[in-house]
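[1] Here's a sequence, model it:
(chains A and B)
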2 protein chains.
Amino acid sequence: MSHDEVPALDLVPLLDHIATALASVRDEAALVAAMGDIMQRIIDVEYVAVFFLDRSTSRLRHVFARGFTEEERLEAERTAMDRHVGDVFCSQQVFHVPEVAIESDPSAQLSPRRHTVRSRLTLPLVGRGQSVGAISLGSTRPESFTQTHITLLSSVASLAGVVYWNLEDLKTLEAQLALTRAQKEELRRLSTPLLEIAPGVLLLPLVGRMDTARADQIADRLLSAVSQRATRAALIDVTGVEAMDAASVSALAAITRATKLLGAECMLSGISPASAVQMTEHDIHLDGVSTFSSASNALVAAMRRS
Amino acid sequence: MSHDEVPALDLVPLLDHIATALASVRDEAALVAAMGDIMQRIIDVEYVAVFFLDRSTSRLRHVFARGFTEEERLEAERTAMDRHVGDVFCSQQVFHVPEVAIESDPSAQLSPRRHTVRSRLTLPLVGRGQSVGAISLGSTRPESFTQTHITLLSSVASLAGVVYWNLEDLKTLEAQLALTRAQKEELRRLSTPLLEIAPGVLLLPLVGRMDTARADQIADRLLSAVSQRATRAALIDVTGVEAMDAASVSALAAITRATKLLGAECMLSGISPASAVQMTEHDIHLDGVSTFSSASNALVAAMRRS
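    Reported below is the predicted structural model:
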């Protein structure tokens, strides 16, 4: 088919179709299907292939195939990086053979059907400057691909590259959200270490940041432990706690009062000078709470009172 | 300008330009600039506006303006939701007025310059089925907008919607990555709570999951504390630790041996039956390490030996 015989593409509906198809893509399968459909609207040739990079193996996956038997598809996938597809992927350059000399085409040997390919066009799929795959078209007629086809297919490849990264970002985002949830759960468990350090004496060594949400967790955990076990004294050590805001200091004072209401003695150790200043400034009282400079001193006192 | 006078758009370079411009967008400013540029290539009219939804305020931001004074832009932004722009945003329907009757157009009163708008086209910006903004064009000539313009601009709006969400996802992803890092740092601090529970006696109450990475952290923290302080005994309580794998149990045994090499006694309390079975199965020995059923018992023993 010569250049002049290229059917006039109705470009306004084509652009409309491209935009609508790509905008509705939610996963890789939909992207692959949309690309295959769009390519066929641009030019209907016998062989069409879409390759996506598999980041974990650095190999090309043959995600879309028209005109290939399953055996041929697998073979094309296996050898992709070693053929012109791999060259296009690596160089990010268009590879166009308007007239394939059958005897000189090494891929003609891949399959008995391949000898019919008389023109070939392979384009890189690039997104954010990175190669993410390739699209490859083969026609049984020489000179099937005009400059218009090449430009249109390049545009589709660019837009597909945008959507490809969109899907990758969504996958990364999902993984990050799952990780954040898991870490949050782990933080929740780690944030209230509670152990019975002597018969009837609970120790709560607090480390890290303190805010009102964490103070609530601590209150829940400590008060239920105090009421469930025969707790005589609860020792809260805040040596490892970073700067507390006024609300956290106030919440901590509330925890000590609640502990006393449950009938256990409450001891606080390791209050930082900054927190002590905040308590006096905000008029927060720790009435009846014994305070100690260290957990060690507090424990000695707890032992003596037993 | 009548329908017939619309200049023939050279659509292949236009699609090429759209694809190239949108594929290179990395932030909202670039998206807005690309949209303004693409719209001008499709139709060159006097007034062009792009609105994006501000999710935090549920109002429309006027992010691109051609033909507006800054005062007019601000006024158009302030009133956007109450005018046809807001209707288009909410209904996701195209709003096309081929011939504006000047006296009946309420927005003609907004500004003395507005009386010149004789045809108007406003399209929704939709991504993933959600309204994310609108684009609005105004011409001083009646019947400026043909069906071709409307289809082309709709396609651009669809593709812009894809890129818009891509940018939103990237913002969310960055926030999630920052959160993950902060949580990881917090977890690191919380995972090795260390306190001096009696003169010369360090207590390390471990809670949560144990793996070899955490065992390494614990080793670092405990061994440097033992060597820096006059430590007589180190008490590792693993009551709060979930199932340990063989590697973690082995790492824990290594920590106890290293502690002994530094000249401190090492005590382990709260080993779960499952961990004990694993130790015997994997032939892991805790030679010279005193083990206790509870932290309380271990502490009593540590006190006695002082």
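
[2] Next, the residue lying closest to A:Leu203 once chain neighbours are set aside: phi, psi?
    In space, and not counting its chain neighbours, A:Leu203 is closest to A:Ile197: 4.1 Å by C-beta to C-beta, 6 or more residues apart in numbering or on different chains. Backbone N, C-alpha and C define where each C-beta goes, glycine included. As for A:Ile197, its main-chain torsions (degrees, to the nearest 10) stand at phi -90, psi -20.

[3] pretty sure A:Ile197 is touching B:Leu203, no?
    Yes: look at A:Ile197 against B:Leu203 with C-beta atoms under 8 Å: they come within range, at 7.5 Å.

[4] tell me the phi and psi of A:Gln93?
    According to degrees, to the nearest 10, A:Gln93 has phi -110, psi 150.

[5] And the one 5 residues further on, by the same measure?
    When read as degrees, to the nearest 10, the backbone of A:Pro98 gives phi -70, psi -30.

[6] which SS class is the residue lying closest to it once chain neighbours are set aside?
    Nearest residue to A:Pro98, sequence neighbours excluded (C-beta to C-beta, 6+ apart): A:Glu143, at 4.8 Å. The local conformation at A:Glu143, judged by DSSP: H, G, I helix; E, B strand; the rest coil, is coil.

[7] returning to that earlier point: which residues do A:Ile197 and B:Leu203 both contact?
    Common neighbours of A:Ile197 and B:Leu203, counting by C-beta atoms under 8 Å, 6 or more residues apart in numbering or on different chains, are A:Leu203, B:Ile197, B:Ala295, B:Leu299.

[8] From those residues, which land in strands?
    Residues of the shared contacts of A:Ile197 and B:Leu203 located in strands (DSSP state E): A:Leu203, B:Ile197.

[9] In a markdown table, list the shared contacts of A:Ile197 and B:Leu203 along with distance to A:Asp283, neighbour count and pLDDT.
    Putting the shared contacts of A:Ile197 and B:Leu203 into a markdown table (distance: C-beta to C-beta, whole Å; neighbours: other C-beta atoms under 10 Å in any protein chain shown; pLDDT from 0 to 100) gives the following:
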| residue | distance to A:Asp283 | neighbour count | pLDDT |
| --- | --- | --- | --- |
| A:Leu203 | 29 | 29 | 91 |
| B:Ile197 | 32 | 30 | 86 |
| B:Ala295 | 37 | 25 | 88 |
| B:Leu299 | 37 | 28 | 86 |
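
[10] just the shared contacts of A:Ile197 and B:Leu203 now: which is nearest B:Asp82?
    A:Leu203 (61.6 Å; C-beta to C-beta).

[11] Looking at strand pairing, list the partners for that closest one.
    For A:Leu203, the beta-bridge partners under DSSP bridges are A:Leu195, A:Leu235.

[12] quick one: contacts for it?
    A:Leu194, A:Leu195, A:Glu196, A:Ile197, A:Leu235, A:Asp237, A:Ala295, A:Leu299, B:Ile197, B:Leu203, B:Pro205.

[13] Also A:Ile236?
    A:Ile236 sits in contact with A:Leu204, A:Leu206, A:Leu222, A:Leu252, A:Ile255, A:Thr256, A:Cys266, A:Met267, A:Leu268, A:Ser269, where contact means C-beta under 8 Å, 6+ apart.

[14] give me that answer again for 7 Å
    A:Ile236 is in contact with A:Leu204, A:Leu206, A:Leu268, counting by C-beta atoms under 7 Å, 6 or more residues apart in numbering or on different chains.

[15] Please list all residues in contact with the residue nearest to A:Leu203.
    Neighbour list for A:Ile197: A:Leu203, A:Leu299, B:Ile197, B:Ala295, B:Ser296, B:Leu299 [criterion: C-beta under 7 Å, 6+ apart].

[16] Report the buried residues of stretch A:121-128.
    A:Leu121, A:Thr122, A:Leu123, A:Pro124, A:Leu125, A:Val126, A:Gly127 (16 or more other C-beta atoms under 10 Å in any protein chain shown).

[17] my bad, stretch A:23-33
    A:Ala23, A:Val25, A:Glu28, A:Leu31, A:Val32, A:Ala33.

[18] what secondary structure does the last one sit in?
    Secondary structure state of A:Ala33, per three-state DSSP, is helix.

[19] if we can go back for a sec, so which of the contacts of A:Leu203 would you say is closest to A:Glu77?
    Taking C-beta to C-beta as the measure, A:Glu77 lies nearest B:Pro205 of those, at 53.9 Å.

[20] Send me the helix or strand that closest one falls within as PDB with only the CA atoms.
    Taking DSSP states H and E as the definition, B:Pro205 sits inside strand B:201-208. Below are the C-alpha coordinates for strand B:201-208, written out as PDB (Å, rounded to 0.1, in the frame of the first residue of the first chain):
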ATOM      1  CA  VAL B 201      20.600  -3.000  86.400                       C
ATOM      2  CA  LEU B 202      19.300  -2.200  82.900                       C
ATOM      3  CA  LEU B 203      15.800  -3.300  81.900                       C
ATOM      4  CA  LEU B 204      14.900  -3.800  78.200                       C
ATOM      5  CA  PRO B 205      11.100  -4.600  78.000                       C
ATOM      6  CA  LEU B 206      10.500  -5.700  74.400                       C
ATOM      7  CA  VAL B 207       7.100  -5.500  72.800                       C
ATOM      8  CA  GLY B 208       5.700  -6.300  69.400                       C
END
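
[21] got the angle between that strand and strand A:201-208?
    For strand B:201-208 against strand A:201-208, the angle by axes from the mean of the first three to the mean of the last three C-alpha atoms, to 10 degrees is 70 degrees.

[22] how distant is strand B:201-208 from the center of its chain?
    Using C-alpha atoms, centre = their mean, to the nearest Å, the distance from the centre of strand B:201-208 to the centre of the chain it belongs to is 35 Å.

[23] who's in contact with A:Asp37?
    Contact analysis of A:Asp37 by C-beta under 7 Å, 6+ apart lists A:Ala21.

[24] Which secondary structure state is assigned to it?
    A:Asp37 ends up helix, using three-state DSSP.

[25] I figured A:Glu46 hits A:Thr140, correct?
    Yes: using C-beta atoms under 7 Å, A:Glu46 makes contact with A:Thr140 at a distance of 5.3 Å.

[26] thinking again about what came up before, out of the contacts of A:Ile236, who's the most crowded?
    A:Leu206 (24 neighbours; other C-beta atoms under 10 Å in any protein chain shown).

[27] roughly how far apart are that one and A:Gln217?
    According to C-beta to C-beta, to the nearest Å, A:Leu206 and A:Gln217 sit 11 Å apart.

[28] sorry, back to before: run a quick neighbour tally on the residue nearest to A:Pro98.
    Neighbour tally, A:Glu143, other C-beta under 10 Å: 15.

[29] Which pLDDT value goes with it?
    As predicted, A:Glu143 sits at a pLDDT of 95.
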